[in-house]
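Engineer: A predicted structure for the sequence below; I have some questions about it.
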Amino acid sequence: LKSPQRLPYPPGPPPTSFIAGNMSDISTPNVWRKYTEWTKQYGNIIYLRIFGQPIVILNSLEDALELLERRSGYYSSRPVVPMYEIMEFSSVTTLRAYGPEWRTHRKVFQQAFKPDSCMEYRPIQIKKVYDMLNALLQTPERVEAHSRRYAGSIISSVVYGYDIVSDDDPLVELVESTEQAFTVAPLPKWLVNGFPFLRHIPSWFPGAGFKRYALSIRHKWHQQVDVPFKYTITASESLGGSHTPVVLSLLNGYTSEEDNQMLKEALGSAYSAGVGTTASSIVVFLIAMVTYPQICKRAQDDIDRVTGGQRLPDYGDLKSLPYIQAIIREVLRWRPITPLGITHVNDKDDVYNGYYIPKGSIIYSNIWAMSRDPIKYKDPEVFNPDRFLTEAGELNGDEVSFAFGFGRRICPGRHLTVASIWLAAAVILASFDVEQKKDSSGSAIPLGVKFNDEGVVCTPAGLLCSITPRSEKARQIILEGHRDVF
Ligand code: HEM
């Protein structure tokens, strides 16, 4: 038998620089589209090298399932990124190396966000969705901020029992900075990522702006972990009511100093990982509704059939509204928020399909390419929820779970987020007409939306659209419901 090292690496473009390897190949916006294009030339598994670091891109679902799920015992670590290290983001659940501490984090997530636990959070989601509807009645043009607040206030209420009451809440500000740092820090534009010794430069040194930025983010990350946690402990007496915040319900199981720290970090990570992703998915849903008015109308008809236009839909209607569930699956597929997933690393040499995959390779799962599989998803650029329905109008088995990653590192917040997005979509459609904006002469105004094209997440911003109550009755339902739940 040949030793793995003697087998070829998977195919890929030749390096363009002796030292930097394929660096120039990957330094382009929307690089996931480029990787998808490359499959025509190199096949589904592509190999690159950057400053000597092996990189493997998995473009097909089958390969990702084989390596990242079936072999997840040794494909579940994360790369060391110097910028993240300086920020101390290596303590974020998402970025922790595979090992006992990461396992403790996952235990926290399993306890807090497993399907059964998520059922208990539904009253919070309902309350927060009324809040969002009310905000949309007043300032529909601020829809992106309202979606963010909806997503953020669900997590902060569930986890900390802390009510976010305004967009300039300090917790919101903190998480915005750390979220942005999470997405830009791994980019090759930071020299220190290619030359790790630069991390030792003192922050006052000329040209060490990267270090000052990273240290300021470190400080914010520590605050994000500590401040809301302390709030819950200090205010625990007054946080009675129907829901016990996750911090208080789990605290007794994490009493040692190390465990307590893990609990804090995991819950701080939930907030970081769950706000922008959920809010962006709601914005993608709105973009789809404005772009495909006939789909919006069909969904509204479906909801009216179930509610008679006399009330808002809620979780009790989930099964009666499969088309709305199909819309959410299509949202996840059409514009994946993490088009290249979160990178995995293998901790031992491996052989796959006759190719050598060296230990320590950085593995990208090209979720973008998987969502564009032309056999599974005909006309992949078209938003078409029907691809998730059978002829009888029932949901098929494709839950687009690849949008949430793979194996042991699969997104632990997926049950919560799908429920939050579904509810937001159902009540917005029940209450509002979501259409393209018109100027005073009646001409349609372009959507104005731009998707972030670099970094870890691909999120939309700048959406312009018209969101108006469907009727006086719809307005009344929101106002009365809002009064009742608050
Ligand atoms: C539409 C919304 C969301 C999307 C598309 C999404 C997607 C993802 C993806 C692709 C990963 C990487 C999985 C892998 O490494 O293979 C991930 C990890 C993670 N997600 Fe989500 N996510 C969403 C919402 C949430 C929410 C609401 C939470 C928290 C409640 C959350 C918490 C996490 C955490 C902690 C990880 C890291 C898991 C680990 O490394 O072990 N996510 N997510």
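Structural biologist: Thanks, I have it. Just so you know, these numbers come straight off a predicted model, no measurement behind them. Numbers count the residues shown, from 1 in each chain.
Engineer: who's in contact with stretch 13-20?
Structural biologist: Contact with stretch 13-20 is made by 21-25, 38, 42, 46, 48-51, 194, as judged by Cβ atoms under 8 Å, 6 or more residues apart in numbering. (Each C-beta comes from the backbone N, C-alpha and C, glycine too.)
Engineer: endpoints of stretch 313-331, how far apart?
Structural biologist: Length of stretch 313-331, first residue to last, Cα to Cα, to the nearest Å: 20 Å.
Engineer: any buried residues in it, and which?
Structural biologist: 313-314, 317, 321-331 (16 or more other Cβ atoms under 10 Å).
Engineer: pLDDT below threshold where in the stretch 201-350 of the chain?
Structural biologist: Residues of the stretch 201-350 of the chain meeting the criterion pLDDT under 70: 240.
Engineer: which single residue of it ends up nearest the ligand?
Structural biologist: Gly274 (2.9 Å; Cβ to the nearest ligand atom).
Engineer: what about that residue, neighbour count?
Structural biologist: 25 (other Cβ atoms under 10 Å).
Engineer: same question, the one 10 residues further on
Structural biologist: For Val284, the neighbour count with other Cβ under 10 Å is 26.
Engineer: element containing it?
Structural biologist: Secondary structure assignment for Val284, by DSSP states H and E: helix 257-291.
Engineer: would you mark the buried spots in that helix?
Structural biologist: 259, 262-290.
Engineer: any idea how far Glu237 is from Val400?
Structural biologist: 43 Å (Cβ to Cβ, to the nearest Å).
Engineer: more neighbours: these two, which one.
Structural biologist: Val400 (21 against 6).
Engineer: residue contacts, that one?
Structural biologist: Arg329, Leu332, Arg333, Ser371, Phe388.
Engineer: so the fourth one sits right up against Pro336, yeah?
Structural biologist: Yes. Between Ser371 and Pro336 there is a contact under Cβ atoms under 8 Å: 5.4 Å.
Engineer: look at those two and report which has more neighbours.
Structural biologist: Pro336 (26 against 23).
Engineer: Provide the secondary structure category for the more buried one.
Structural biologist: What DSSP: H, G, I helix; E, B strand; the rest coil gives for Pro336 is coil.
Engineer: for it, which non-adjacent residue is closest in space?
Structural biologist: Nearest residue to Pro336 in three dimensions, chain neighbours excluded: Ile367, at 4.6 Å (Cβ to Cβ, 6 or more residues apart in numbering).
Engineer: okay, that neighbour: pLDDT?
Structural biologist: In this model, Ile367 is scored at 98, pLDDT.
Engineer: how about Leu1?
Structural biologist: At Leu1, the model reports a pLDDT of 54.
Engineer: let's have the chain start at 52 instead
Structural biologist: Taking 52 as the first residue, the last one we looked at is Leu52.
Engineer: tally of neighbours for Ser217?
Structural biologist: So Ser217, with other Cβ under 10 Å, has 7 neighbours.
Engineer: on the pLDDT front, check Thr190 for me.
Structural biologist: 97.
Engineer: now for it: which residues touch it?
Structural biologist: So Thr190 contacts His197 (Cβ under 8 Å, 6+ apart).
Engineer: report the contact partners of Leu184.
Structural biologist: Leu363, Val478, Ile479, Ser482, Ile529, Gly532, His533.
Engineer: show me the two of those that sit farthest apart.
Structural biologist: Pairwise distances across the contacts of Leu184 (Cβ to Cβ) peak at 14.5 Å, for the pair Ile479 and His533.
Engineer: who has more neighbours, the two?
Structural biologist: Taking neighbours as other Cβ under 10 Å, Ile479 and His533 compare with Ile479 leading, 25 against 17.
Engineer: for the nearest residue to the more buried one once chain neighbours are set aside, give me the pLDDT.
Structural biologist: Leaving out its chain neighbours, the residue that sits closest to Ile479 by Cβ to Cβ, 6+ apart is Val485, at 6.8 Å. Looking at Val485, its pLDDT is 97.
Engineer: what about Val485, how many residues nearby?
Structural biologist: Counted with other Cβ under 10 Å, residues neighbouring Val485 total 24.
Engineer: got it, and Val396?
Structural biologist: Quick note: Val396 (other Cβ under 10 Å) scores 18 neighbours.
Engineer: and for Thr144, the neighbour number?
Structural biologist: 24.
Engineer: so it sits right up against Arg157, yeah?
Structural biologist: Yes. The criterion here is Cβ under 8 Å, and Thr144 meets it with Arg157 at 7.5 Å.
Engineer: thinking again about what came up before, the residue of the stretch 252-401 of the chain closest to the ligand and Val469 touch, don't they?
Structural biologist: No. Gly325 is beyond contact range of Val469, at 11.8 Å (criterion: Cβ under 8 Å).
Engineer: ok so, going back, how about the contacts of Leu184 in JSON lines, adding distance to Met170 and secondary structure?
Structural biologist: Conversion of these to JSON lines gives the following (distance: Cβ to Cβ, whole Å; DSSP: H, G, I helix; E, B strand; the rest coil):
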{"residue": "Leu363", "distance to Met170": "19", "secondary structure": "coil"}
{"residue": "Val478", "distance to Met170": "19", "secondary structure": "helix"}
{"residue": "Ile479", "distance to Met170": "22", "secondary structure": "helix"}
{"residue": "Ser482", "distance to Met170": "24", "secondary structure": "helix"}
{"residue": "Ile529", "distance to Met170": "25", "secondary structure": "helix"}
{"residue": "Gly532", "distance to Met170": "21", "secondary structure": "helix"}
{"residue": "His533", "distance to Met170": "23", "secondary structure": "helix"}
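Engineer: tell me the one of these nearest the ligand?
Structural biologist: Of all the contacts of Leu184, Ile479 has the smallest distance to the ligand: 16.3 Å, by Cβ to the nearest ligand atom.
Engineer: please tell me how far Arg121 sits from Glu113.
Structural biologist: In terms of Cβ to Cβ, Arg121 sits 11 Å off from Glu113.
Engineer: check Ile354 too.
Structural biologist: Counting by Cβ to Cβ - Ile354 and Glu113 are separated by 37 Å.
Engineer: higher neighbour count, those two?
Structural biologist: Ile354 (23 against 11).
Engineer: where do the helices sit along the stretch 152-301 of the chain?
Structural biologist: 166-171, 173-189, 194-211, 221-235, 242-245, 260-285, 297-301 (DSSP state H, counting those that start in this stretch).
Engineer: do me a favour and average the pLDDT over the third one.
Structural biologist: Pointing back at helix 194-211 there. On average, helix 194-211 scores 95.
Engineer: which of the residues in it are buried?
Structural biologist: 194-195, 197-211.
Engineer: mind giving me the packing neighbours of it?
Structural biologist: Packed against helix 194-211 by the contact rule (3 or more Cβ pairs under 8 Å, 6 or more residues apart in numbering; DSSP states H and E) you find helix 173-189, helix 221-235, helix 260-285, helix 297-301, helix 308-342, helix 465-482.
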